[in-house]
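**Student:** Provide a 3D model corresponding to the input given below.
(chains A, B, C and D)
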There are 2 protein chains.
Amino acid sequence: MYEGAAKARYHHGDLRAVLLEAAEAELSEKSIENFSLRGVAKRAGVSHAAPAHHFGDVDGLLTALAAIGHRRFVALQNVRQKRAVKEGAAQLVAAGLGYIDFAMTNPALFRLMFSSKRPDFCQGELAEAATIAFEKLLDDVGRYRNGDPREDDGVMADAMSTWAMVHGLADLLNGGRMKFLQNLPRKRREELLADMILRAASPG
Amino acid sequence: MYEGAAKARYHHGDLRAVLLEAAEAELSEKSIENFSLRGVAKRAGVSHAAPAHHFGDVDGLLTALAAIGHRRFVALQNVRQKRAVKEGAAQLVAAGLGYIDFAMTNPALFRLMFSSKRPDFCQGELAEAATIAFEKLLDDVGRYRNGDPREDDGVMADAMSTWAMVHGLADLLNGGRMKFLQNLPRKRREELLADMILRAASPG
DNA sequence: TTATAATCTTGTCACTGTCAAGTTCGATTT
DNA sequence: AAATCGAACTTGACAGTGACAAGATTATAA
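**Tutor:** Modelled structure (predicted):
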């Protein structure tokens, strides 16, 4: 099972992982509109039909990729929160800025996760990863609001409001549609974004 | 130039318009991921290469479609506003609900307009339509805030905040991601949406 | 009428995703 | 140690795609 150079072998050990890396590279370069399964195979140095064995079809590969994306998405938010003040508002803002940062750093992956019908969210791996991300949102808003969205519809509305704001900012910035914010220096931009996030999270 | 049945003719009169209708049908049925130029031609009852003459390539057709989408997008918001109370807040909410309604009624077209790299926003027709939609947003927020986003960065920030909220709601509802709001009865949902929109538009 | 240009068709190309059949090879059994 | 089995990967083929070139048809205008 061990090998130094996995290249020349027929059974090559962890092709699945290699294909996922190749797929992410393909996705960032070609964007989802021109994503090609054969292109992924070529990147991985493998025959054009090899991916099918691990992922079934294109959508299967994209589903696996979306799952990985969601896990990194949550991880990035957690990193930001560890660096922030340990208090409800600051933690919520940190998560939101992480959300937005992820979108701007991984534009194609973000689109795959939120604006594509190809990933199958019923599939176990992805369903789980997406649920974790959602539950994290509920937790963060719950902590800020001193309540539980799962039990209090008012807090749940705050959570949806916060999500919409953060997601809208992420999506519009990702699409290059908000030049006003884009052209601001990073620090000033994050100040404004923080203000908007808390606006959305706080009931009138 | 006149003809009752444009079908059997070689030069068929308004193929461009027919193709655009066919393209919209193709888009709603197949969604952008499986949109096919040849499928559009088939729908229009015309040879597979006919669309190229009017739109260049697929992206050209999608660009024209996105332009039409933006015009209908603005029109729907205007309709809602005419039915609403003539006052800043109510007018802003009406526009926002129109925005969201458009997304839910034309999911694939909405995705084409806001989550695709294929339409060319530098192209005249689309650039103009998109600008009109953006300017309308600035006007509506400006009226509500009693200011002009173009001259006051604070009001501009409110406009971006409002846009992000409305767009986030539209995109997430479109993607079927906000079951809490989706399962609410229409009236109750619109109440909550209205509240969120005004939250976003009002500075802390 | 004739020329000209716009409109549409036909044919072809490289590329795509998927499927079926074949090859290689690790692992298990005997 | 040999045989077997099944998983991992390849090869080859097929229909469908977007784009291009070349030809056919028709409106316009000279």
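**Student:** touching DNA strand D at all, stretch A:37-51?
**Tutor:** Yes: applying CB under 7 Å from any atom of the strand, one finds that stretch A:37-51 is in contact with DNA strand D at A:41, A:46, A:47, A:48, A:49, A:50. (Glycine included, C-beta is placed from N, CA and C.)
**Student:** buried stuff in that stretch?
**Tutor:** Counting neighbours by 16 or more other CB atoms under 10 Å in any protein chain shown, one finds that the buried residues in stretch A:37-51 are A:37, A:39, A:40, A:41, A:43, A:44, A:46, A:50, A:51.
**Student:** Now secondary structure and pLDDT too, for these, in TSV please.
**Tutor:** What follows is these, written out as TSV (DSSP: H, G, I helix; E, B strand; the rest coil; pLDDT from 0 to 100):
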residue	secondary structure	pLDDT
A:37	helix	98
A:39	helix	98
A:40	helix	98
A:41	helix	98
A:43	helix	97
A:44	helix	96
A:46	coil	96
A:50	helix	96
A:51	helix	97
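**Student:** what's the farthest-apart pair in those residues?
**Tutor:** Greatest spatial distance among those (CB to CB): A:39 and A:50, at 12.7 Å.
**Student:** and DNA strand C, which of the residues of stretch A:37-51 next to DNA strand D contact it?
**Tutor:** A:48, A:49.
**Student:** what two of the residues of stretch A:37-51 next to DNA strand D have the greatest distance between them?
**Tutor:** Between any two of those, the greatest separation by CB to CB is 9.1 Å, found for A:46 and A:49.
**Student:** what about the one residue in chain A that gets nearest to chain B, distance to residue B:160?
**Tutor:** Going by CB to the nearest CB, chain B is nearest to residue A:168 of chain A, at 2.8 Å. Remark: distance between residue A:168 and residue B:160 (CB to CB, to the nearest Å) = 9 Å.
**Student:** Got the confidence number for residue A:2?
**Tutor:** Per-residue confidence at residue A:2 stands at 32 (pLDDT).
**Student:** same question, residue A:167
**Tutor:** Reading off the per-residue confidence, residue A:167 sits at a pLDDT of 99.
**Student:** ok, now residue A:13?
**Tutor:** Confidence per residue is given as pLDDT, and for residue A:13 that number is 72.
**Student:** swap in residue A:204?
**Tutor:** 79.
**Student:** all helices for chain A, in order.
**Tutor:** Listed from the start of the chain, chain A has helices (DSSP state H) covering A:15-30, A:37-44, A:50-55, A:58-83, A:88-105, A:107-114, A:124-145, A:153-174, A:179-182, A:186-201.
**Student:** Export these as TSV, with columns for distance to residue B:92.
**Tutor:** Converted to TSV, these look like this (distance: least, CB to CB, whole Å):
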stretch	distance to residue B:92
helix A:15-30	37
helix A:37-44	45
helix A:50-55	46
helix A:58-83	31
helix A:88-105	23
helix A:107-114	26
helix A:124-145	24
helix A:153-174	15
helix A:179-182	18
helix A:186-201	15
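**Student:** Let me know how buried residue A:200 is, in neighbour terms.
**Tutor:** 28 (other CB atoms under 10 Å in any protein chain shown).
**Student:** unless I'm mixing things up, it is touching residue B:195, no?
**Tutor:** No: look at residue A:200 against residue B:195 with CB atoms under 8 Å: they stay out of range, at 10.9 Å.
**Student:** what stretches of chain A score poorly on pLDDT?
**Tutor:** Scanning chain A for pLDDT under 70 picks out the ranges A:1-11.
**Student:** which residues touch residue A:142?
**Tutor:** Under the criterion of CB atoms under 8 Å, 6 or more residues apart in numbering or on different chains, the neighbours of residue A:142 are A:148, A:149, A:155, A:159.
**Student:** Quick check on those residues: which are buried?
**Tutor:** The neighbour-count criterion (16+ other CB under 10 Å) marks A:149, A:155, A:159 among the contacts of residue A:142 as buried.
**Student:** okay, now the residue nearest to the first one when sequence neighbours are not counted: neighbour count?
**Tutor:** If I follow you right, that is residue A:149. The shortest distance from residue A:149 to any non-neighbouring residue, by CB to CB, 6 or more residues apart in numbering or on different chains, is to residue A:156 (4.0 Å). As a burial measure, residue A:156 scores 21 neighbours (other CB under 10 Å).
**Student:** Who are the contact partners of residue A:156?
**Tutor:** A:138, A:149, A:150, B:180.
**Student:** okay, those in a markdown table with distance to DNA strand D next?
**Tutor:** Compiled in a markdown table, those are given as follows (distance: CB to the nearest atom of the strand, whole Å):
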| residue | distance to DNA strand D |
| --- | --- |
| A:138 | 37 |
| A:149 | 41 |
| A:150 | 40 |
| B:180 | 37 |
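**Student:** And these, which of them are buried?
**Tutor:** Neighbour counting with 16+ other CB under 10 Å marks A:138, A:149 as buried within those.
**Student:** ok, so of the contacts of residue A:156, who is nearest DNA strand C?
**Tutor:** DNA strand C has its nearest neighbour among the contacts of residue A:156 in residue B:180, at 33.1 Å by CB to the nearest atom of the strand.
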